[in-house]
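Chemist: the amino acid sequence is not available; the structure is as follows:
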């Protein structure tokens, strides 16, 4: 298996010699790559530079290779990855500021670091305003996103399990008009005889076990649970639009979903965040920093202000572009 992986990496690397970005099988990572690529292509200075973008473990592995002359390797990541130890000198790393820890002492002298608030995402006010909210009851008082399993820096998974969802649901007001949503990581894994394994039918042909618990619990409440399925439009975009149109409606997001939190903040929505045992240390640190900055409310506090609007967070692509301009005009990646 390692030999096969090395062959794949080599093939990808040869492709990068034509300055193509590194494709990622992770849809979230690929979306970040495409979003930053579009922003770079729109920049008169940077669009002429040979900039190759990669993300996550796959990008880190490819960027072990020496940076070619007059080329810039940009790695997008949300946390420290073990494969980052072997990044080639001159690699540019874009990472959330809350994720910086002692591990970076290993590479700080050979890479260029660009820190951002939260993580990159593809949502902006213009695109969200185009979303249709016809699938959401206009009387909805609260929109809740169920948590999901979380991957750690070593590749292992923390599972958001039955006990956690049961405790969370017990704190939701049964009489409130609540829309409950989920995502592809919700109930993604099950523990079997051979350990943790991906539930191949979840979000495809069946409802995952975590969402099923929410559905069963909702029978005696005023809640509505909508199960995400691959290949069908998600209600997450419409949910953001609904909260913008109805600022008195609270948006409850799990603490491990840094991307969803970042999206809400960038739109000027003050989210209500709930923490749980399946969060990584990095995610918990991010939530704590946002609470200290008074950017979020902490579950189960609802309707504290009567409105969940606040000034939107500046698009983090702007900071990345500004620093890339400085790096590519003053920094030779081979020096």
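Modeler: Looks like it arrived, so ask away. This one's a predicted model, so the numbers in the text were calculated from it and none came from an experiment.
Chemist: which of the helices and strands in the protein ranks last by mean pLDDT?
Modeler: helix 2-16 (a mean of 48; mean pLDDT, DSSP states H and E).
Chemist: which residues does stretch 233-250 contact?
Modeler: 123, 127-129, 131-133, 135-136, 140-143, 145, 179, 181, 183, 226, 228, 251, 260, 263-264, 267-269, 272, 297, 302-303, 306-309 (C-beta atoms under 8 Å, 6 or more residues apart in numbering). No exception for glycine: its C-beta is placed from N, CA and C like everyone else's.
Chemist: restricted to strands, list the residues you listed.
Modeler: The strands, defined by DSSP state E, take in 142, 143, 145, 179, 181, 251, 272, 297 from the contacts of stretch 233-250.
Chemist: for the third one, list the residues it contacts.
Modeler: By C-beta under 8 Å, 6+ apart, the residues touching residue 145 are 180, 181, 182, 183, 236, 239, 251, 252, 253, 254, 257, 260.
Chemist: ok, the first one touching residue 221?
Modeler: No - the pair residue 180 / residue 221 is not scored as a contact, 9.8 Å apart, by C-beta atoms under 8 Å.
Chemist: neighbour count: the two, which is higher?
Modeler: residue 180 (23 against 17; other C-beta atoms under 10 Å).
Chemist: what separation do you get for the more buried one and residue 55?
Modeler: 30 Å (C-beta to C-beta, to the nearest Å).
Chemist: same deal with residue 92?
Modeler: 13 Å.
Chemist: ok, now how distant is the residue nearest to the spatial centre of the chain from residue 236?
Modeler: Geometric centre of the chain, nearest residue: residue 259, 3.0 Å, by C-alpha atoms, centre = their mean. Distance from residue 259 to residue 236, counting by C-beta to C-beta: 10 Å.
Chemist: so, low pLDDT: which residues of this protein?
Modeler: 1-19, 302-305, 331-335 (pLDDT under 70).
Chemist: how is it partitioned into domains?
Modeler: 2-122+316-330, 125-298 (automatic domain parsing).
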